[in-house]
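>>> Only the shape, not the letters, is given here:
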């Protein structure tokens, strides 16, 4: 089932109008025809609307609502990934896969040991690219929303943003014992907001971990092996999904 996002202003009653690049994709790549079914989300309420194609025009695809799929596809808790800026194109992989796993928002963070330094111009270009990747991954995985990729922020600002969240987890290579990790994950409940802090290739500085502790973050281990930054977030997101989904 092909999945698309349609903003609320393109919905009139039971009619959904698809515009933009998706029109070419439906008409010339997928070669769909009137009468075929696709799924649509508005990116806000998390619901999946099953629609039939009524007409395929030059600049739009008009669809009619058939039914609303009631099964929720979103995680019962909102997970915010605070990802330290990685090298090369690793952020693209992180965005794609954590969106598939159910992340609610991704916040790129400039930490002390980050090798990558983005000037404002480069950051704006990256931000557009990253948000497009999040939308594509949300379509592919049938998400009900498009997770936001926030502008790059500093570690202190990230801590301020996460301060009011219910649970804050920070994997740290000097932390030992999976017991604390299992306890922290086992205490997660539906409806909570969860912050996940993932460090850069060189890891968090000890002072950063201390500052995270001071705002209530729980240092945990991800096992006895050292995981790359692009692996750590995926691992923890998968564990959170396992814990929360019924």
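Perfect, I can see it now. Given the structure is predicted, the values throughout are model-derived calculations rather than measurements.

>>> tell me the domain boundaries of this protein?
3-69, 78-244 (automatic domain parsing).

>>> Give me whichever of those is most buried.
Among these, ranked by average contacts under mean count of other Cβ atoms under 10 Å, first place goes to domain 78-244 (a mean of 18). No exception for glycine: its C-beta is placed from N, CA and C like everyone else's.

>>> From start to finish, how long is it in a straight line?
By Cα to Cα, to the nearest Å, the extent of domain 78-244 from end to end equals 11 Å.

>>> about what we covered before: as CSV, the domains of the chain with mean pLDDT would be great.
Formatted as CSV, the domains of the chain follow (pLDDT from 0 to 100):
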stretch, mean pLDDT
domain 3-69, 92
domain 78-244, 93
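
>>> Do a quick rundown of the strands in the chain.
For the chain, the strands defined by DSSP state E occupy 3-5, 11-12, 15-18, 37-41, 48-56, 61-69, 78-84, 105-110, 148-149, 153-154, 167-171, 193-198, 218-220.

>>> Who does the fifth one pair with, and is each partner parallel or antiparallel?
As defined by DSSP bridges, the strand partners of strand 48-56 come to strand 37-41 (antiparallel), strand 61-69 (antiparallel).

>>> what's the answer for the first one, then?
Its sheet considered, strand 3-5 pairs with strand 37-41 (parallel) by DSSP bridges.

>>> Can you give the contact residues for the partner strand?
Contact with strand 37-41 is made by 1-6, 16, 18, 26, 32, 47-53, 63, 66, 69, 142-145, as judged by Cβ atoms under 8 Å, 6 or more residues apart in numbering.

>>> got it, and stretch 11-20?
Taking Cβ under 8 Å, 6+ apart as the rule, stretch 11-20 contacts 4, 6, 10, 26, 40, 42, 49, 51, 54, 59-65.

>>> Please apply the same query to stretch 229-246.
Contacts for stretch 229-246 (Cβ under 8 Å, 6+ apart): 75-77, 79, 81, 83-84, 86, 90, 93-94, 97-98, 101-103, 169, 171, 185-186, 188, 190, 194, 196, 198-201, 222, 227.
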